[in-house]
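J.: 3D, please:
(one chain, ligands or ions: 2)
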Amino acid sequence: MPAPMSAAAIEASAPQRSLRRFDDTAWEHGPGAHLEHLLETGCVLHFPQLPFVLQESERPFLDPRWSDGKSKNISLREGSRLRGAQGTPQQLEALGAMIGRFAMQAQQLVERLFPQYRGKLRAGNASLRPFEVAGRSSSWRHDDTRLHVDAFPSNPMHGVRLLRVFTNVHPGQRPRQWRVGEPFEDFARRFAPRLRRPLPGSARLLRLLHVTKSLRTPYDDAMLQLHDLAKADLDYQRDAPQAAVDFAPGSTWVVYSDQVLHAVMGGQHMMEQTFYLHPDDQLAPETAPLRVLERVLERSLGVPRRA
Ligand code: SIN
Ligand code: FE
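T.: Ligands and ions are numbered 1, 2, ... in the order given. Sure, this is the predicted structure:
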């Protein structure tokens, strides 16, 4: 007779536990509400039955040929300017309208799920991602098939949160295949001994040389290092606690992508909307990567609390 499984073996791993499913079938109403606490503790909120419905005339837009070939996304900036696409003015207008409609639905969703954030979330870009992920070649630093938290070399966040709404719009069966990693604090503690302080004056120099769009705070520097350390560490990629999750066509998921370790292994045709939130506007500001890192590193990371 096989030995009974220990409680620890039966218990789901932390990454597995972070996946939470909800039955919502509409963007503007449904059972999901007051989910700030789950989001802020690093959960992936998964809505398997929440599709972005394309109009018949929009179906042809699920094709990489609309990309201008220079960027991997077609994006709608500040709700109006379309970037990364090619086509006639009428086609581009229709494509922009489709992405704009997604942006509106994403807005309705976050206002409903996170009432605490109402009036405080700022919408960033919305995008259509038409390329197949698997087999896409890129440098290790740009390789999103490796577990990472989102951090950008040119765009310092100053502690501001990155909340993202994703929807798989693949017209067939292709799931968006993700891996989700360990809790942010475990990740931070693991790599903390390898974090180096930025050189004095480096933030100012990067700004002067237009490498960054604003001053790279010690927080941004630490987040970039964490992003790079994780992606460069193949043992970590293989052995770190993680769970695979498939997001089927017609499903939507919401995460803090600066907090949840994630990687995308395959899939094609996805829509995404980014929102920004100041960490002081969270339900539990102490869960923000900024504050977690300050606790782990026992130093200030250059972002004062808002007065
Ligand atoms: C990422 O943020 O790493 C990409 C997610 C995706 O393309 O599914
Ligand atoms: Fe990412």
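
J.: Now do the strands in the stretch 51-200 of the chain.
T.: 74-77, 81-83, 122-129, 161-168, 176-180 (DSSP state E, counting those that start in this stretch).

J.: okay if I get those as TSV plus mean pLDDT and mean neighbour count?
T.: For glycine as for every other residue, the C-beta is placed from the backbone atoms N, C-alpha and C. As requested, those are exported to TSV (pLDDT from 0 to 100; neighbours: other Cβ atoms under 10 Å):
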stretch	mean pLDDT	mean neighbour count
strand 74-77	96	21
strand 81-83	94	14
strand 122-129	97	20
strand 161-168	98	23
strand 176-180	98	22
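
J.: Kindly reformat those strands as TSV and extend each row with distance to ligand 1.
T.: As requested, these are exported to TSV (distance: least, Cβ to the nearest ligand atom, whole Å):
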stretch	distance to ligand 1
strand 74-77	13
strand 81-83	17
strand 122-129	6
strand 161-168	6
strand 176-180	5
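
J.: To residue 306, which of those strands lies closest?
T.: strand 161-168 (13.4 Å; Cβ to Cβ).

J.: in the stretch 151-300 of the chain, which ranges drop under the pLDDT threshold?
T.: When residues are selected by pLDDT under 70, none of them lie in the stretch 151-300 of the chain.

J.: Quick one: the strands of the stretch 51-200 of the chain as JSON lines, columns for distance to residue 49 too.
T.: JSON lines is the format used below for these (distance: least, Cβ to Cβ, whole Å):
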{"stretch": "strand 74-77", "distance to residue 49": "25"}
{"stretch": "strand 81-83", "distance to residue 49": "29"}
{"stretch": "strand 122-129", "distance to residue 49": "21"}
{"stretch": "strand 161-168", "distance to residue 49": "12"}
{"stretch": "strand 176-180", "distance to residue 49": "15"}
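
J.: Out of those, which is closest to residue 293?
T.: Each of the strands of the stretch 51-200 of the chain was checked against residue 293 via Cβ to Cβ, and the shortest separation belongs to strand 161-168, namely 13.3 Å.

J.: Helices along this protein, start to end?
T.: Secondary structure of the chain by DSSP state H: the helices cover 7-10, 14-17, 36-40, 89-113, 184-191, 202-208, 218-232, 234-239, 289-297.

J.: partner residues bridging the residue of the stretch 151-300 of the chain found nearest ligand 1?
T.: As assessed by Cβ to the nearest ligand atom, ligand 1 sits closest to residue 264 within the stretch 151-300 of the chain, at 3.6 Å. Beta bridges link residue 264 to residue 178 when assigned by DSSP bridges.

J.: Residue 147 is in contact with that one, correct?
T.: No: contact between residue 264 and residue 147 fails when scored by Cβ atoms under 8 Å: they sit 10.2 Å apart.

J.: who's more crowded, those two?
T.: Neighbours of residue 264 and residue 147, each counted by other Cβ atoms under 10 Å, are more numerous for residue 147; the result is 25 against 19.

J.: Am I right that that one is in contact with residue 230?
T.: Yes: in this structure, residue 147 sits in contact with residue 230. The criterion is Cβ under 8 Å, and the distance is 5.7 Å.

J.: dump the residue contacts of residue 35.
T.: With contacts taken as Cβ atoms under 8 Å, 6 or more residues apart in numbering, residue 35 has the following neighbours: 22, 45, 113, 114.

J.: ok, now which ones touch the residue of the stretch 151-300 of the chain closest to ligand 1?
T.: Under the criterion of Cβ under 8 Å, 6+ apart, the contact partners of residue 264 comprise 133, 144, 145, 176, 177, 178.

J.: try 6 Å this time
T.: By Cβ atoms under 6 Å, 6 or more residues apart in numbering, the residues touching residue 264 are 133, 144, 178.

J.: Check the spacing between it and residue 209 real quick.
T.: When distances are taken as Cβ to Cβ, to the nearest Å, residue 264 and residue 209 turn out to be 31 Å apart.

J.: What parts of the stretch 151-300 of the chain come near ligand 1?
T.: Remark: the part of the stretch 151-300 of the chain in contact with ligand 1 comprises 176, 257, 262, 264, 270, using Cβ under 6 Å from any ligand atom.

J.: which residue packs closest to the last one, ignoring adjacent ones?
T.: So that's residue 270. What sits nearest to residue 270 in space, not counting adjacent residues and going by Cβ to Cβ, 6 or more residues apart in numbering, is residue 129, at 4.6 Å.

J.: Next: the first one.
T.: The shortest distance from residue 176 to any residue that is not its chain neighbour, by Cβ to Cβ, 6+ apart, is 3.6 Å, and that residue is residue 267.

J.: how many neighbours does that neighbour have?
T.: When neighbours are defined as other Cβ under 10 Å, residue 267 has 22 of them.

J.: Show the backbone phi and psi for it.
T.: phi 130, psi 160 (degrees, to the nearest 10).
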